[in-house]
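Engineer: Sharing a model that was predicted from the sequence below.
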Amino acid sequence: MNLPELTTWIDGAAEPSELADDTWLHDPNTGAQLAPSRSSSTAQVDRAIAAAHAAHVDGEWLRLGVAGRAPFLLALADRLDELAAEIAELDALNSGVPISVTRLFAGSNGDTIRSAVARAVALGDHTVLAAEQGGVQLHRVPWGATALIMPWNAPSAMAVKKLAYALVSGAPAVMKPSPASPWSALLIAAATAELGFPAGVVNLVLGGAAVGNQLVSDPRIRAISMTGSTPTGRAIAAAAGPNLTRLRLELGSNNAAIVLQDADLSAAAASIVSGAMKLSGQWCEAPRRVIAPRELVDPLVEALVTAMSALRIGSSLDEQTELGPVAFEGRKLELEHQREALRAAGGVVIEVGAAPADGWFFAPTLVVGDTIDLDLEIFGPMLTVQPADSVTHAIDLANAGHVGLAGYVFGQDESTARAVGIQLDAGEIKINGTSVLDLCADSAQSFFGSSGIGGHGDADVLDFFSGKRIIGTDKPGLPL
């Protein structure tokens, strides 16, 4: 496999990046070193921000209008279709997510861009508003240079969606992929340069927290779209706060799955395990905590173990793998720490199946206990199971702690399940299912609680990157 050179991209040109403190990118399947990590220098980050800011001030990209920007983006969509196989391999290697899944993500990147373009074209650059005097227009204007900070669990999918909606809105961008998963973002940046995007419109910097802090605290960055952990989100909000920078932060959540008394336990367990183990358990909206009537806990645990036992565990590059390793050693160590903390608090730990000894594998795990109390999101193939003494108790448990993104309810009486689901503090509630995909084309959800700021759904994402500016002749003869 050809591993892209870890370069910084400024004004459409690649530059060498510095070595990053003797750290390495590893193969999560074996633990083998693949390439030394690299970071953009302080000067490079400053120049990348300056390039994006200058592109905004110059206004060439904005003046093209949606119709003029669309051909660039559609050409990028076509190019990403051509790169899909390479991107899928790199993402599987960077994230530990099975290649059967990264291939689906990589294969849809082009359509993500096409969808963003279609939505923006339909909306247009401005709207004429009803007014007695006529001629009143509402324009959508990008805030300015925008920072796009990507997670490591779905590297190309997140990079493409953020970049597509920023660019179609007219906002020049500085991308920062996770230091654990930089490769597919580099291919995307290179593709924009090959296709002749104007200078400064797409820039990319590499690095960890220090680079991220420099990026988000710079007053020339006027909007930040970030997907990642809640601690990182809080740090970004603190750094960007003095500049009143616009924020869209999709963070973590220990999403609850409530199993009701009338649920089909076998079907519920199969769906919960499927959702919890997707992306090697590294999916922000995955079910993390299962809450069930006390008398159903034992048979439900048995059904969950059965479903987990059927998973094919193996290399993320193996076509047959259903559960790969987690992305990096620190992720595995954090899961082990959480498991032992739950055990120490009285939880019964059930490890299902044997994970390979090499690499960053974590065996599918259940933790059963009356008290489940974790400060941070469980982000890997581990589920907790907790008894409830009533439906009200189950809802209270589901809404406690680090929540806000998603929730799940299982029961054969759908009206009852919906009545329970609408009481969950989360932006998306699914009944009797745990798919990654949105419920419908016009789906939208806000990030509740500590799960973030803003929301998602394509209309929300497009709206984030622009402010609204109204212009028109004032109405004559008004009393005030």
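Structural biologist: Received, thanks.
Engineer: rest of the way, CA atoms for contacts and neighbours
Structural biologist: Fine.
Engineer: Look at the closest residue to Leu93 other than its chain neighbours and say how many residues are nearby.
Structural biologist: Distances taken as CA to CA, 6 or more residues apart in numbering put Asp27 closest to Leu93, at 6.2 Å, once the chain neighbours are dropped. Neighbour count of Asp27, defined by other CA atoms under 10 Å: 23.
Engineer: Phi and psi next, for the residue nearest the centre of the chain.
Structural biologist: Nearest to the mean C-alpha position of the chain, by CA atoms, centre = their mean, lies Thr227 at 4.6 Å. Backbone torsions of Thr227, given as degrees, to the nearest 10, read phi -120, psi 130.
Engineer: please renumber so the chain begins at 34
Structural biologist: From this message on, residue numbering opens at 34, which makes the last subject Thr260.
Engineer: Touching, it and Pro184? I think so.
Structural biologist: Yes. Here Thr260 lies in contact with Pro184, judged by CA atoms under 8 Å, at a distance of 5.6 Å.
Engineer: any idea of the pLDDT on the closest residue to Asp475 other than its chain neighbours?
Structural biologist: Counting by CA to CA, 6+ apart, Asp475 lies nearest to Gly490, which is 7.0 Å off, once chain neighbours are set aside. With respect to pLDDT, Gly490 has a value of 90.
Engineer: Gly92 now?
Structural biologist: 95.
Engineer: Same question for Asp408.
Structural biologist: Predicted confidence (pLDDT) for Asp408: 79.
Engineer: How is it classified with respect to secondary structure?
Structural biologist: coil (DSSP: H, G, I helix; E, B strand; the rest coil).
Engineer: List the buried residues of whichever helix in the chain runs longest.
Structural biologist: Ordering each helix of the chain by length in residues (DSSP state H) puts helix 132-156 first. By neighbour count on 16 or more other CA atoms under 10 Å, the buried set for helix 132-156 is 132-136, 138-150, 152-154.
Engineer: just to revisit the earlier point, next up, the contacts around the residue nearest to Asp475.
Structural biologist: Residues near Gly490 by CA atoms under 8 Å, 6 or more residues apart in numbering: 475-478.
Engineer: residues in contact with stretch 169-176?
Structural biologist: Counting by CA under 8 Å, 6+ apart, 158-163, 202-204, 255-256, 498-506 sit against stretch 169-176.
Engineer: Could you pull out the buried residues of that stretch?
Structural biologist: Going by neighbour count (16+ other CA under 10 Å), the buried part of stretch 169-176 is 169-170, 172-176.
Engineer: out of the residues you listed, who's nearest Glu51?
Structural biologist: When the buried residues of stretch 169-176 are compared for distance to Glu51 (CA to CA), Trp176 comes out closest, at 30.9 Å.
Engineer: elements contacting the helix or strand hosting Glu48?
Structural biologist: Using DSSP states H and E, Glu48 sits within strand 46-49. Judged by 3 or more CA pairs under 8 Å, 6 or more residues apart in numbering; DSSP states H and E, the packing partners of strand 46-49 are strand 40-43.
Engineer: A strand includes Cys473, no?
Structural biologist: No. Under three-state DSSP, Cys473 sits outside any strand and is assigned coil.
Engineer: How much space separates it from Arg364?
Structural biologist: Cys473 sits 32 Å away from Arg364, going by CA to CA, to the nearest Å.
Engineer: Quick check on the two: which one has the bigger neighbour count.
Structural biologist: The neighbour comparison of Cys473 against Arg364 (other CA under 10 Å) goes to Arg364, with 18 against 8.
Engineer: now the contacts of Gly490: which count as buried?
Structural biologist: The buried subset of the contacts of Gly490 - by 16+ other CA under 10 Å - is 477-478.
Engineer: need the contacts of Gly490 in CSV with pLDDT and secondary structure, can you?
Structural biologist: Below are the contacts of Gly490 laid out as CSV (pLDDT from 0 to 100; DSSP: H, G, I helix; E, B strand; the rest coil):
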residue, pLDDT, secondary structure
Asp475, 89, coil
Ser476, 92, coil
Ala477, 93, coil
Gln478, 95, strand
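Engineer: And the contacts of Gly490, which is closest to Gly460?
Structural biologist: Of those, the one sitting nearest to Gly460 (CA to CA) turns out to be Gln478, at 4.6 Å.
Engineer: how about the closest one, what does it touch?
Structural biologist: So Gln478 contacts 460-461, 488-490 (CA under 8 Å, 6+ apart).
Engineer: Got a PyMOL select line for the buried ones in those?
Structural biologist: Here is the PyMOL command that picks out the buried ones among the contacts of Gln478, judged by 16+ other CA under 10 Å:
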select buried, resi 460+461+488+489
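Engineer: so which of the contacts of Gln478 comes closest to Ile291?
Structural biologist: The shortest approach to Ile291 among those belongs to Glu461, at 13.9 Å (CA to CA).
Engineer: The closest one and Leu438 touch, don't they?
Structural biologist: Yes. Glu461 is within contact range of Leu438, at 6.5 Å (criterion: CA under 8 Å).
Engineer: other SSEs contacting the helix or strand of the chain with the lowest mean pLDDT?
Structural biologist: Here the helix or strand of the chain ranked lowest by mean pLDDT, DSSP states H and E is strand 51-59, holding a mean of 88. Here strand 51-59 touches strand 66-72, going by 3+ CA pairs under 8 Å, 6+ apart.
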